[in-house]
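1. would you be able to build a 3D model of this:
(chains A and B)
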Amino acid sequence: MATEILMPALSPTMEEGTLAKWLVKEGDTVSSGDILAEIETDKATMEFEAVDEGVVGKILIAEGTEGVKVNDVIAILVEEGEEVPAAGATSAPAAEAAPAAAPVAAPAAAAAPVVTSADLSPDWPEGTEMKSTTVREALRDAMAEEMRRDEHVFLMGEEVAEYQGAYKISQGLLDEFGAKRVIDTPITEHGFAGIGVGAAFGGLRPIVEFMTFNFAMQAIDHIINSAAKTLYMSGGQMGAPMVFRGPNGAAARVGAQHSQDYAAWYMQVPGLKVVMPYSAADAKGLMKTAIRDDNPVIFLENEILYGRSFDVPVMDDFTIPFGKAKIERAGDDVTIVSFGIGMTYALEAAQKLADEGINAEVINLRTLRPMDMPAILASVRKTNRLVTVEEGWPQGSVGGYIASTVMQEAFDYLDAPVITCTGKDVPMPYAANLERHALLTTDEVIEAVKKVTYR
Amino acid sequence: MPPKKAAKKPNVSAEELLGHYREMLLIRRFEEKAGQLYGMGLIGGFCHLYIGQEAVVVGLEAAAEEGDKRITSYRDHGHMLACGMDPKGIMAELTGREGGFSKGKGGSMHMFSKEKHFYGGHGIVAAQVPLGAGLAFADKYLGNDRVTFTYFGDGAANQGQVYETYNMAELWDLPVVFVIENNQYAMGTSVKRSTKSPSLWERGAAYGIPGEEVDGMNVLAVKEAGERAVAHCRAGKGPYILEVKTYRYRGHSMSDPAKYRTREEVQKMRDERDPIEQVRDMLLTGKHASEDDLKAIDKEIKAIVNEAAEFSKESPEPALEELWTDIYAKEEA
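-> Now for the predicted structure:
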């Protein structure tokens, strides 16, 4: 049976090429792997090999011909002793168009787990006993509870075991769970993050601690390319149920390389969930949810908040769902949206503004992906004014995303342009006075609120 | 450890030799067909063929047991065929169709099979090395006596994360076989031009990991070495390195004209060392099979590959809804 030999595509973008040279002639016997011709693409001259065996029956395109379209018949291969059939009569492989999929309207919303309506229910039932707890203790308690609950959960990172955590977050865990489940790693973020992701592929639920998120830049390829994308690339067969956690953002006087807020970076990535708690209750309830989640979760803590105490409900199993913001303070005059340590500026500003008769509604986002946009929109529709607060840099900020979404979804409700309060657009300086100015200040938040309320 | 050579007259059954022949031939014919479909525009983007390296995966799969895991780079078609994944699903992934292993969303470089314990298909050079050690970490943690084959190339062998992984794998005695598929060219850069130390497996010594060099064109030598490596891992002694000397006949990817080596170099390898021809000779000279027997196998393989190609053309493109699925795991009920 005769086979048509077609002009091949020899690069991802090639549509036509020059048939530079034939290396066989009519009547030659060829077998698979033999070079038939040299073909020039826009980038290179490539050798073109035979796939089938047979006799070159007829060469249809002479060498030196330019502009030969991909999939044009350039020669016909026949079996030993077979006649060359008339053109068009072969049963050759021809490029067939893919059966088209029925067109459907793409969903307009983002692929992030979508929060569809504002849920303002309280995090715990009224009357629950409360206990003053530091953020540090809350994180440890959450990990310990989940490790008791599920043997597949383990903690790995630098100094998490014998040293009890560089910031003492894992205090006591080695004693309770042993060296099999609380694992000190060498200082090799790229390597141990990859091992963590592989362990998640293999059925475990790792918690990978970065001593700070600054060092996670060494590991970001595994966080994004390996952890966040595998579920999609595998058509849903396997993903990475795990938590990457550690302190994020500026601490105090540690300079540029140790003082960066990564909230906006990770928030951009489909496949990741991103959490940035403020209070100890947030830290505990969200950490437990993060460990149980079947997706890779980025859990951005803050060194300055670790030692602060907050009331945490005394409950057997206290969790906070992702994508549920918390209204920390109700008000009618302006909406202030923040998360993580940004909440300290937002709440302090709201307190001072109240003394001047401006009632701010303060929303603590808690999770950035999924983001509780319905809560923000509901509040803006009430107050008609919005200020966002974060320590990260201004270009490509979390606030920038919120502002654009609010503009698209609630433009007619806005009585003033949205103001995004951010850290300054500079690497973090060391000098105490410069660092104070590089970070956000409460006064800047107050000033922004006065601007959008025209006071 | 000095490199071990396969015996001249191996003590091997006809059945086993025929199995190796069949599996290597399946990879070769599949890859030739993939090259053809690429030429026809049915396969897009990057497509890295395994032609010439068939003995590596076929030999090592012969040393593996049910439940052992494997993970590799983007040159992954051979690994998937060797561990028993359906050629139809692989070819349909290459053409980006619904019937592909990743529903068309992964492509040539990104396929997975939970059922066959194949963990991808990774596009970032050497990223699969710590991932593979992590799979072994999970097996050790779960105490299930499994071994992970972690394949990477001579190019990847210069990445820092490989050595971070060696350190932890030996420190924690992880049951992982690091298989360096040294095909002598990292895209267009020969090993000689990228490293002064000629031996890649010996680098494991710095971390206390044993290993050896293997003739990767000889499927029996690969299998033997694989058995030594697996025994070491299963005995709880930690990782083992196999530097398998092999050769790829085609360019790095479909658009590589391979001008960094001579046609004669490639032809010499094909004529003198071809892994499939070696087994074919053993079968014929040992009177394990006749020319007609082998022709029948060729025909059977051709039919499997043609069926895969037909399936890959007929399977529809994924529905547009698939754009938005599998980004997040479904919430537990």
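
2. got the residue ranges for the strands in chain B?
-> In chain B, the strands defined using DSSP state E lie at B:69-72, B:118-121, B:148-153, B:176-182, B:185-186, B:189-190, B:211-215, B:240-245.

3. which of those sits closest to chain A?
-> Across the strands of chain B, chain A has its closest neighbour in strand B:118-121 (5.5 Å, C-beta to the nearest C-beta). No exception for glycine: its C-beta is placed from N, CA and C like everyone else's.

4. touching the closest one from outside, list them.
-> A:198, A:201, A:230, A:233-234, A:238, B:69-72, B:74, B:76, B:79-80, B:83, B:85, B:106, B:109-112, B:128, B:131-132, B:135 (C-beta atoms under 8 Å, 6 or more residues apart in numbering or on different chains).

5. what about residue 219, how many residues nearby?
-> Using chain A here. 26 (other C-beta atoms under 10 Å in any protein chain shown).

6. not what I meant, chain B
-> Using other C-beta under 10 Å, residue B:219 has 31 neighbouring residues.

7. repeat for residue B:66
-> 6.

8. OK, contacts around it?
-> Residues near residue B:66 by C-beta under 8 Å, 6+ apart: none.

9. quick check, pLDDT for it.
-> Looking at residue B:66, its pLDDT stands at 96.

10. kindly list the main-chain dihedrals of it?
-> Backbone torsions of residue B:66, given as degrees, to the nearest 10, read phi -50, psi 130.

11. can you list the residues of the stretch 151-300 of chain B near chain A?
-> Counting by C-beta under 8 Å from any C-beta of the partner chain, the stretch 151-300 of chain B comes close to chain A at B:160-161, B:164-165, B:167-168, B:171, B:249, B:251, B:254-255, B:257-259, B:263, B:270.

12. let's see it at 10 Å
-> B:159-169, B:171-172, B:174, B:176, B:249-251, B:253-259, B:263, B:266-267, B:270, B:274 (C-beta under 10 Å from any C-beta of the partner chain).

13. C-alpha coordinates for stretch B:53-64, PDB please?
-> The C-alpha atoms that make up stretch B:53-64 are tabulated as PDB, following Å, rounded to 0.1, in the frame of the first residue of the first chain:
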ATOM      1  CA  GLN B  53      17.500   5.300  25.000                       C
ATOM      2  CA  GLU B  54      15.000   2.500  25.100                       C
ATOM      3  CA  ALA B  55      17.100   0.000  27.000                       C
ATOM      4  CA  VAL B  56      17.300   2.300  30.000                       C
ATOM      5  CA  VAL B  57      13.700   2.300  31.000                       C
ATOM      6  CA  VAL B  58      13.000  -1.300  29.800                       C
ATOM      7  CA  GLY B  59      15.900  -2.700  31.800                       C
ATOM      8  CA  LEU B  60      15.000  -0.800  35.000                       C
ATOM      9  CA  GLU B  61      11.300  -1.600  34.800                       C
ATOM     10  CA  ALA B  62      12.400  -5.300  34.600                       C
ATOM     11  CA  ALA B  63      14.100  -4.700  38.000                       C
ATOM     12  CA  ALA B  64      11.000  -3.000  39.600                       C
END
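
14. go ahead and flag the most central residue of the chain.
-> By default, I'm working from chain A. Closest to where the C-alpha atoms of chain A average out (C-alpha atoms, centre = their mean) is residue A:269, at 2.5 Å.

15. sorry, I should have been clearer: chain B.
-> When C-alpha atoms, centre = their mean is applied to chain B, the residue found nearest the centroid is residue B:79 (3.7 Å).

16. let me see the ranges of the helices in the stretch 351-455 of chain A.
-> Ranges of helices in the stretch 351-455 of chain A, per DSSP state H, counting those that start in this stretch, are A:373-383, A:398-410, A:432-438, A:442-452.

17. any idea which of those is most buried?
-> With neighbours taken as mean count of other C-beta atoms under 10 Å in any protein chain shown, the helices of the stretch 351-455 of chain A reach their highest mean count in helix A:373-383, at a mean of 21.

18. from residue B:303, how far out is residue A:426?
-> Computed as C-beta to C-beta, to the nearest Å, the residue A:426 to residue B:303 distance reads 67 Å.

19. ditto for residue B:138
-> Applying C-beta to C-beta, one obtains 39 Å for the distance of residue B:138 from residue B:303.

20. for residue B:56, same thing?
-> 25 Å.
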